[in-house]
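Enquirer: Starting from these lines, generate the structure:
(chains A, B, C and D)
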Number of protein chains: 4
Amino acid sequence: VIQTNGLEEALAEFAAERDWDQFHTPKNLALSLVGEVGELCELLQWKTEDDIASALSKPEFRSDLSDEIADVLIYLVRLASVTGIDLNEAVTRKIEKNGDRYPAKEVRGRADKRP
Amino acid sequence: VIQTNGLEEALAEFAAERDWDQFHTPKNLALSLVGEVGELCELLQWKTEDDIASALSKPEFRSDLSDEIADVLIYLVRLASVTGIDLNEAVTRKIEKNGDRYPAKEVRGRADKRP
Amino acid sequence: VIQTNGLEEALAEFAAERDWDQFHTPKNLALSLVGEVGELCELLQWKTEDDIASALSKPEFRSDLSDEIADVLIYLVRLASVTGIDLNEAVTRKIEKNGDRYPAKEVRGRADKRP
Amino acid sequence: VIQTNGLEEALAEFAAERDWDQFHTPKNLALSLVGEVGELCELLQWKTEDDIASALSKPEFRSDLSDEIADVLIYLVRLASVTGIDLNEAVTRKIEKNGDRYPAKEVRGRADKRP
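Expert: Numbering: from 1, shown residues only, chains lettered A, B, ... in the order given. Below you'll find the predicted structure:
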């Protein structure tokens, strides 16, 4: 369902060209991921859901949000890459697990069962 | 470089079948993303980089890490989906920006320039 | 304005009794802090602000929230402790900085100026 | 063990003077907390533990770290404040729980038992 080989390779090349592999350890990448998630949350922190819906029609906000989402994805792909986790396999397997754990019949419309 | 259309659709269908769209607002998904990033960090928190390298050869740790990385990706894709951000476009554009901002010649091997 | 000496000492003693100082490095504590913030966010993630207001009248939710807030504080105090940061001094200084940066007259009622 | 009444009041006054109470809802404050934790992690992300130990002797790094730790504390105290959680009670109770859950004899020097 997801093909990230091209992305994984592009990011590996980006790091190699800059001799950054030495910094891309699992713990460092986890902390970087948190940094980017923090920036993403800062975009939303003082806005109501309605404010966000309005802001999404403005190019500047869309661009900022797009960049923060991309940054989170970039570090997540790097983390998967340096730990040898196949993202495609990981997500396919997890969706199957979630399907077993949250059967549609039992959890429909319920927030107490993890949506 | 990344094709997530299939994944986006699979997750949208997963949510629709469970009537979970009502919960999948941007702020809720951002908080959920943080929850999953927190679980990912908990897997690494008391391990040294060497401990992690060793743990990666054990099926149980790999499986746990794989699941947490997948959970982060799942909520990130949902967030992009409900805000109408095209992940592929977002990440392609961001990598280009990063390339301009961090020319290989200037930042090679330097941690003070964001790796 | 805040006196955490007693808390800092209690937590230092708690760690020492368990020989846990070896694990309480800055990076490990930062990852642990993220883990606890993640658990805090999970308590709120599917609730609207109204849902949270209602839930706050239920002892079980209050107890869960209280525990997660405490966990975040505990790791934050430990992080300050092992890095030799005086929490009281840090927060007093930061409130002064914030007061200079966000004069009441200029930022009143505005979310675009960091509230 | 911790006295934050003064801090809680100082921050409540700071918000009131700026008419910021309208923004300080539990979900907004949780997202803000994540933003600050993200900034804290960004200070540490590319440094080894040894690098951090060295950096701690430099006034600029200490000042940056001090500010980020303070920001996390500030939003945490606000979150406790608006949800009516008594931080002192919360942390006292949690340390007792942790003491019961992690008896020194059983967990000494073990990272597999939450340090």
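Enquirer: Quick check: the gap between the residue in chain A that chain D sits nearest to and C:Asn28.
Expert: Per Cβ to the nearest Cβ, A:Gly38 is where chain A lies closest to chain D, at 1.6 Å. Any C-beta I mention is one placed from the backbone N, CA and C, and that applies to glycine too. Going from A:Gly38 to C:Asn28 by Cβ to Cβ, to the nearest Å gives 19 Å.
Enquirer: Tell me which of those two has more neighbours.
Expert: Ranked by neighbour count (other Cβ atoms under 10 Å in any protein chain shown), A:Gly38 and C:Asn28 place A:Gly38 first, with 28 against 25.
Enquirer: isn't the more buried one right up against D:Gly38?
Expert: Yes. Under the criterion of Cβ atoms under 8 Å, A:Gly38 is in contact with D:Gly38, at a separation of 1.6 Å.
Enquirer: Now do the top helix by length along chain A: distance to the chain's middle.
Expert: Using DSSP state H to define each element, chain A has its longest helix at helix A:59-83. How far helix A:59-83 lies from its chain's middle: 6 Å, per Cα atoms, centre = their mean, to the nearest Å.
Enquirer: Could you give the average pLDDT over it?
Expert: On average, the pLDDT along helix A:59-83 is 98.
Enquirer: Give the closest residue to the residue positioned nearest the centre of chain A in space, chain neighbours not counted.
Expert: Per Cα atoms, centre = their mean, the C-alpha nearest to the average position across chain A is that of A:Leu73, at 4.2 Å. Counting by Cβ to Cβ, 6 or more residues apart in numbering or on different chains, the nearest residue to A:Leu73 once its immediate chain neighbours are dropped is B:Val91, at 5.5 Å.
Enquirer: tell me which strands and helices the helix or strand in which that neighbour is found is in contact with?
Expert: Taking DSSP states H and E as the definition, one finds B:Val91 inside helix B:87-101. In terms of contacts (3 or more Cβ pairs under 8 Å, 6 or more residues apart in numbering or on different chains; DSSP states H and E), helix B:87-101 is packed against helix A:5-17, helix A:59-83, helix B:59-83.
Enquirer: how about the helix or strand just after it, does it get close to chain A?
Expert: Helices and strands here follow DSSP H and E; after helix B:87-101, the next one along the chain is helix B:104-107. Yes. Using Cβ under 8 Å from any Cβ of the partner chain, helix B:104-107 reaches chain A at B:104, B:107.
Enquirer: A:Arg18 and chain C, how far apart?
Expert: 22 Å (Cβ to the nearest Cβ, to the nearest Å).
Enquirer: related to what we said a few turns ago, could you provide the helices and strands packed on helix B:87-101 in JSON lines, with additional columns for distance to A:Leu33?
Expert: Listed next are these as JSON lines, based on distance: least, Cβ to Cβ, whole Å:
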{"stretch": "helix A:5-17", "distance to A:Leu33": "13"}
{"stretch": "helix A:59-83", "distance to A:Leu33": "4"}
{"stretch": "helix B:59-83", "distance to A:Leu33": "8"}
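Enquirer: among these, which is nearest C:Ile52?
Expert: With Cβ to Cβ as the measure, helix B:59-83 is the member of the helices and strands packed on helix B:87-101 nearest C:Ile52 (19.8 Å).
Enquirer: So which bits of that closest one are buried?
Expert: Buried residues in helix B:59-83, counting neighbours by 16 or more other Cβ atoms under 10 Å in any protein chain shown, are found at B:61-62, B:64-83.
Enquirer: hang on, the earlier thing: model confidence score at the residue nearest to A:Leu73, please.
Expert: 96.
Enquirer: Could you tell me how far it is located from A:Leu76?
Expert: Taken as Cβ to Cβ, the span from B:Val91 to A:Leu76 is 11 Å.
Enquirer: Repeat that for A:Lys47.
Expert: 24 Å.
Enquirer: what residue ranges in chain A are flagged as low confidence?
Expert: A:1-5, A:113-114 (pLDDT under 70).
Enquirer: Show me which residues of it are close to chain D?
Expert: Taking Cβ under 8 Å from any Cβ as the test, the list of chain A residues beside chain D reads A:23, A:28, A:31-32, A:34-39, A:41-42, A:44-46.
Enquirer: Can you flag which of those residues belong to helices?
Expert: Using DSSP H, the members of the residues of chain A next to chain D that fall within helices are A:28, A:31-32, A:34-39, A:41-42, A:44.
Enquirer: Contacting chain C as well, which ones from these?
Expert: For chain C, the contacts drawn from those by Cβ under 8 Å from any Cβ are A:31, A:34.
Enquirer: what angle sits between the helix holding B:Val91 and helix B:5-17?
Expert: Put simply, helix B:87-101 runs at 130 degrees to helix B:5-17, going by axes from the mean of the first three to the mean of the last three Cα atoms, to 10 degrees.
Enquirer: can you dump the C-alpha coordinates of helix B:87-101 into PDB?
Expert: C-alpha atoms of helix B:87-101 as PDB (Å, rounded to 0.1, in the frame of the first residue of the first chain):
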ATOM      1  CA  LEU B  87       2.300  13.700   1.200                       C
ATOM      2  CA  ASN B  88       4.200  13.000  -1.900                       C
ATOM      3  CA  GLU B  89       4.200  16.600  -3.000                       C
ATOM      4  CA  ALA B  90       5.000  17.800   0.500                       C
ATOM      5  CA  VAL B  91       8.000  15.600   0.900                       C
ATOM      6  CA  THR B  92       9.400  16.200  -2.600                       C
ATOM      7  CA  ARG B  93       9.100  20.000  -2.100                       C
ATOM      8  CA  LYS B  94      10.700  19.800   1.400                       C
ATOM      9  CA  ILE B  95      13.700  17.800   0.200                       C
ATOM     10  CA  GLU B  96      14.300  20.400  -2.500                       C
ATOM     11  CA  LYS B  97      14.100  23.200   0.100                       C
ATOM     12  CA  ASN B  98      16.500  21.300   2.400                       C
ATOM     13  CA  GLY B  99      18.900  20.800  -0.500                       C
ATOM     14  CA  ASP B 100      18.900  24.500  -1.100                       C
ATOM     15  CA  ARG B 101      19.200  25.300   2.600                       C
END
